[in-house]
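1. Here is my input, please return the structure:
(2 chains)
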Protein chains: 2
Amino acid sequence: MDTKPGDAEAKPGKTEDSDFKVTPWEVTGKVDYDKLIKRFGTQRISSAIKRDMEKIADGKLHVMLRRDIFFSHRDLDLVLKDYRDGKGFFLYTGRGPSLGMHIGHLAPFVFTKWLQDVFGVNLYIEITDDEKFMRNSDYTIEQVGEAARQNILDIVAVGFDPDKTFIFKDSEYIKNIYPLVTKIAKKINFSQVRSTFGFDPSTNIGMIFYPAIQIVPTMFENKRCLIPAAIDQDPYWRLQRDLAESLGYYKAAEIHSKFLPPLSGIEGKMSSSTADSAVYLTDPPEIVENKIMKYAFSGGQSTVEEQRRLGANVDVDVPFQWLYYLFDDDDSEVERIRSEYSSGKMLTGEVKKVLAEKLNGFLGEHRRRREKSPEMLDKFMYSGELAKRMWRRIYE
Amino acid sequence: MDTKPGDAEAKPGKTEDSDFKVTPWEVTGKVDYDKLIKRFGTQRISSAIKRDMEKIADGKLHVMLRRDIFFSHRDLDLVLKDYRDGKGFFLYTGRGPSLGMHIGHLAPFVFTKWLQDVFGVNLYIEITDDEKFMRNSDYTIEQVGEAARQNILDIVAVGFDPDKTFIFKDSEYIKNIYPLVTKIAKKINFSQVRSTFGFDPSTNIGMIFYPAIQIVPTMFENKRCLIPAAIDQDPYWRLQRDLAESLGYYKAAEIHSKFLPPLSGIEGKMSSSTADSAVYLTDPPEIVENKIMKYAFSGGQSTVEEQRRLGANVDVDVPFQWLYYLFDDDDSEVERIRSEYSSGKMLTGEVKKVLAEKLNGFLGEHRRRREKSPEMLDKFMYSGELAKRMWRRIYE
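-> Presented below is the predicted three-dimensional model:
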């Protein structure tokens, strides 16, 4: 849905004819991604675009692109053209710090690293500690500070280029961006944030102002900015695209992912606040296995006999959906599982076991890399090539 | 008027039964200061308070206090009690930078210097370059930056204690205050700023957020903060007083001045944008004299004969009001002029001449001190004792 400033009746991310809702703070219901593309006014990633990217990536697309987990975009075609023309582009993504970082939070960073590796471009990662604090009545500044530190260590572990990546906290970098933030804020009024985000007169003035701060990194370079993120962040970029050119910058380009479903079922998105429905980056192997075995919603039948006879519905089977989303990179293996599980040859327990192994492999590797994060953190935030340049800049 | 959050019908600073309006951005009509005290819910400065201050000031009150130009307050009695009890307090005032700084802009600073001299306390001066830029559609960041520099030089010339005074621009000091700003912003919603300032859905999100930034210096020390300023700034302090204690700080105390009337007449307040009605700090003596002679609204009669016979109405006579406001410190001399001018013994031209001389004396001294401002500026902003301490602090 393209909401319009001043349209008081607009219900952002929700229309009469649907039973799902997508906002930056809430995803509920079974998301119909075809409808969402129409509602938000974005473009489906075409086979032509995928072929283009495949060529640039020496023949191998990232699993999340091959499987349409990253499925929608704005101006990705223009980004690729700028890249081919030698103008280049840059990447921007971010994280609202919270202590329970789960695998759904890490997935876009894993994909973003692939983009940086393929295109060799600069990447800016905004840690939105200000927004997190202002949005949540029960968070203290100290808690958000600790969550930010832990999350940054996890992000560093993803393995970005330390001389081409700048990770910054809003609270620390605010002085360098504030003049440009005021320019952006001057171009957005309450009507617009009300209709874009569903704010009302009881919304605090920090939340009302914050969109200007999330928009500013799209103007860090005089090139097109590509934002890899889940599609729920799109409202921010719609605001950005309405004003960017009037300030002499490009409209932000985006590449949108679907949501990783919670263990409990394929509706909504994984949430940190429901411990049984999320797999945290800190969960040890036995906990991961236990959560999957015990809580993962199955599309299989309730008895072995029925499963052998009728097979599973993989479309609603969370273990299969997780393998497909990111955690089994081998396309032929995933298709074998789909076929054998759908036909009843494989049982739910077997698929869950595959997922537990894959996920524990993924998490084990992540934790090994994370041990080195503390010594790398300084480069990403302060002393790497890009970070050093950024601390010298004031954006006006 | 005490406006209430959520009261959409409230017209801040304006009620049905009056023909004047006072908001932080606009003063129109002939202000009835008695009515304004009731409307804003402030206290008149009592003779008891004046006697207290006189004692502390070794028997001599500042001219603006003696003559009730500073006429209203909130919690000034508590500030004086804290001072006597040895707890102390601190001063805070500010300036929205603009190129045409006039004598009305300087007056509160002159009074603030007197307060600092008498009480020996720290003073914080906020240069609100962010607000100025976001409020005025035709200002660029560069223009505001140049105005800020010029205004700071004028403020430095007032002669504050360079080791007890910190002058800062919001755009530069934002990083040090931002965590506390987010705490304040979290406690104010759109309803409140709408009813307090008359904002509406077309107000930009920077202006909506800004009150949190004007409030934060009231929390620079864990003492009571006394704000000397014209009474039009009171709405900010009403918001501050609603939330300060919940964050562990004192409610701001204020001492409010009346407005210096424009040359054109005693309605409204002097404005930079009407050149003939204002006397700028940069006006040379012959221009000052010419403006007063030519444009100052006179309460005298239209002919010499009538003036001799009927005398002047000094209550609407701008030259007399200016002498009374600040520019003739000699009480007996001012009373002599009042008496002789009212009775017709003095003519308008003579009173205007007295004002021109006094004002040119005041401006000449100011300009002499301002020549030394460039070499002093660094102490007030960065290298003085208080400034150095402030740059090391982060307010959470």
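2. would A:N176 count as being in a helix?
-> Yes - under DSSP: H, G, I helix; E, B strand; the rest coil, A:N176 sits within a helix.
3. Quick check: closest non-adjacent residue to it.
-> A:I394 (5.5 Å; Cβ to Cβ, 6 or more residues apart in numbering or on different chains). Backbone N, C-alpha and C define where each C-beta goes, glycine included.
4. Can you give the domain ranges for chain A?
-> Per automatic domain parsing, the domain ranges recorded for chain A read A:25-258, A:282-371.
5. possible to save those as a markdown table with mean neighbour count and mean pLDDT?
-> Output for those, formatted as a markdown table (neighbours: other Cβ atoms under 10 Å in any protein chain shown; pLDDT from 0 to 100):
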| stretch | mean neighbour count | mean pLDDT |
| --- | --- | --- |
| domain A:25-258 | 20 | 97 |
| domain A:282-371 | 17 | 97 |
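6. Tell me which of these sits nearest to A:S272.
-> domain A:25-258 (3.6 Å; Cβ to Cβ).
7. From start to finish, how long is that closest one in a straight line?
-> End-to-end distance for domain A:25-258, by Cα to Cα, to the nearest Å: 15 Å.
8. that older thread, can you redo the domains of chain A as CSV with distance to B:R338?
-> Compiled in CSV, the domains of chain A are given as follows (distance: least, Cβ to Cβ, whole Å):
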stretch, distance to B:R338
domain A:25-258, 48
domain A:282-371, 80
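9. and of those, who's closest to B:D117?
-> Nearest of those (Cβ to Cβ): domain A:25-258, 33.1 Å.
10. That closest one: how far from the chain's middle?
-> On the basis of Cα atoms, centre = their mean, to the nearest Å, domain A:25-258 is displaced by 8 Å from the centre of the chain it belongs to.
11. so what's A:F320 closest to, chain neighbours aside?
-> A:V314 (4.4 Å).
12. residues making contact with stretch A:75-91?
-> A:43, A:45, A:49, A:52-53, A:56, A:112, A:115-116, A:119, A:121-124, A:220-221, A:223-228, A:251-255 (Cβ atoms under 8 Å, 6 or more residues apart in numbering or on different chains).
13. how would you label the residue in the stretch 251-396 of chain A that chain B sits nearest to: helix, strand or coil?
-> Residue nearest to chain B within the stretch 251-396 of chain A (Cβ to the nearest Cβ): A:E396, separated by 5.3 Å. Three-state assignment for A:E396 (three-state DSSP): coil.
14. I'd say it and A:T182 touch.
-> No - using Cβ atoms under 8 Å, A:E396 is not in contact with A:T182; the gap is 9.4 Å.
15. helices or strands next to the helix or strand A:I49 falls within in the packing?
-> Per DSSP states H and E: A:I49 is located in helix A:47-56. Applying 3 or more Cβ pairs under 8 Å, 6 or more residues apart in numbering or on different chains; DSSP states H and E, one finds that helix A:47-56 makes contact with helix A:63-66, helix A:76-84, helix A:103-119.
16. Specify the angle between it and helix A:103-119 in degrees.
-> Angle between the axes of helix A:47-56 and helix A:103-119 is 60 degrees (criterion: axes from the mean of the first three to the mean of the last three Cα atoms, to 10 degrees).
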